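Chemist: sequence first, predicted model second:
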Amino acid sequence: MLAGPSVGDAAQTAIAHGAEVVYAVESPVLADAPPDAVVAAAAATVAVAGPRIVLGAKTLLGRDVMPRLAFRLGTALASDCTSLALDADGRLLATRPTYGGNADATVRCLGTPAVASLRPGTVDALEADPARTGDVVAVDAAIDASVVRTRSVERVEQAAEGLRLEDARVIVSGGRGLGGPEPFEQLEALASLLGGAVGASRAACDAGWVPTSYQVGLTGKTVTPELYIAVGISGASQHMAGCANAKAIVAINKDAGANIFKDARFGVIGDWAKVLPAFAEQLHELLD
Ligand SMILES: Cc1cc2nc3c(=O)[nH]c(=O)nc-3n(C[C@H](O)[C@H](O)[C@H](O)COP(=O)(O)OP(=O)(O)OC[C@H]3O[C@@H](n4cnc5c(N)ncnc54)[C@H](O)[C@@H]3O)c2cc1C
């Protein structure tokens, strides 16, 4: 489903990426995507399309919309899934991290339709092929402005500080082990060398060393980069809940028993103040 005041070229983009049918819901009420209106648009689309499975992304909007959509459809939601499969009866098997990321649980969705939200970054879109063809079905959702029960009173733009953590393919993250805000400058330099972004543990954010928007974890952001470099981070389960699905974790920690090494593909046991400059120097040599 595509929803907005005007769907425009997005339908063709979705088809190029593999959609066979695009359901387009157009309404001025959908400007700025208020969750109430998006739930109404999605429910109308389900009524038209009659799917067996409804998938959404666990983005900020998806966190709001998907549980309400499931409730409206009289079914249950498997939230924050990292992989999906079908059982022999064609029922959805949804795998999702549980216990703060310490275990994976696979649930069989018995409701109809099955509704699940996927953690962003866990599946790759097909390569765009402009030659692909598909249908665009206009859904008349007749969304009345009165369905929107929230009102934006102010919009505050956060100063753009480079790449968003959620979009970064490389993240260099710092924790309490850095000892203060200054070392984050070294992390910024390393991140920019690798074309990535800087993240942090809650301890570093709570200490005021970096803004809370940097926080990765259970109560912070969920990220799925190709490479996650954790510097002076112990690897508490609440932190790992936000980054355990990174393709590769590299840990720099002076404590050989630190939990982070259980998840790390590569680990350096040592003082970050010595390891990080040497690492950056090697990188410079490789990239120059
Ligand atoms: C409900 C709840 C939600 C939470 N949500 C989150 C969350 O979203 N994100 C999150 O991060 N945390 C979260 N936490 C907090 C979490 O439990 C940890 O307290 C926190 O992640 C610890 O941060 P840290 O690893 O930076 O600090 P610490 O646990 O103190 O670890 C610091 C590490 O740095 C290493 N170190 C010290 N000096 C050096 C040095 N010179 N060189 C190299 N290594 C060094 C130490 O060996 C240690 O392993 C949550 C907790 C609760 C209860």
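Modeler: Yes, it's here.

Chemist: and the closest residue to Ala14 other than its chain neighbours, how many residues sit next to it?
Modeler: The shortest distance from Ala14 to any residue that is not its chain neighbour, by CB to CB, 6 or more residues apart in numbering, is 5.1 Å, and that residue is Val22. Every C-beta, even on glycine, is put in place using the N, C-alpha and C of the backbone. Val22 has 19 neighbours, counted by other CB atoms under 10 Å.

Chemist: in the stretch 51-200 of the chain, where is pLDDT below threshold?
Modeler: Residues of the stretch 51-200 of the chain that meet the criterion pLDDT under 70 lie in 100, 158-161.

Chemist: tell me which parts of it are close to the ligand?
Modeler: Of all the residues in the stretch 51-200 of the chain, those in contact range of the ligand (CB under 6 Å from any ligand atom) are 175-177.

Chemist: in CSV: these, plus secondary structure, neighbour count and distance to Ala273.
Modeler: Compiled in CSV, those are given as follows (DSSP: H, G, I helix; E, B strand; the rest coil; neighbours: other CB atoms under 10 Å; distance: CB to CB, whole Å):
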residue, secondary structure, neighbour count, distance to Ala273
Gly175, coil, 28, 14
Arg176, helix, 17, 14
Gly177, helix, 22, 10
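
Chemist: got CSV for those, with distance to Phe71 too?
Modeler: CSV is the format used below for those (distance: CB to CB, whole Å):
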residue, distance to Phe71
Gly175, 38
Arg176, 40
Gly177, 43
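
Chemist: return the member of those nearest to Val46.
Modeler: Nearest to Val46, judged by CB to CB, of those is Gly175 at 43.1 Å.

Chemist: ok, the nearest residue in space to that closest one that is not next to it in sequence - contacts?
Modeler: Using CB to CB, 6+ apart and skipping residues adjacent in sequence, the residue nearest Gly175 is Ile233, 3.4 Å away. By CB atoms under 8 Å, 6 or more residues apart in numbering, the contact set of Ile233 is 173-177, 201, 239, 251, 253, 260.

Chemist: host element of Gly267?
Modeler: Using DSSP states H and E, Gly267 sits in strand 266-269.

Chemist: what does Gln12 give?
Modeler: For Gln12, the element it lies in under DSSP H and E is helix 10-16.

Chemist: centre of the chain to stretch 193-204, how far?
Modeler: In terms of CA atoms, centre = their mean, to the nearest Å, the gap separating the centre of stretch 193-204 from the centre of its chain is 16 Å.

Chemist: the residue sitting nearest the centre point of the chain and the ligand: what is the separation?
Modeler: Averaging the C-alpha coordinates of the chain gives a centre point, and the residue nearest to it by CA atoms, centre = their mean is Pro120 (3.4 Å). Taking CB to the nearest ligand atom, to the nearest Å as the criterion, Pro120 is separated from the ligand by 16 Å.

Chemist: which residues touch the nearest residue to Asp104 once chain neighbours are set aside?
Modeler: Distances taken as CB to CB, 6+ apart put Thr95 closest to Asp104, at 5.4 Å, once the chain neighbours are dropped. For Thr95, the contacting residues are 81-85, 104-107, by CB under 8 Å, 6+ apart.
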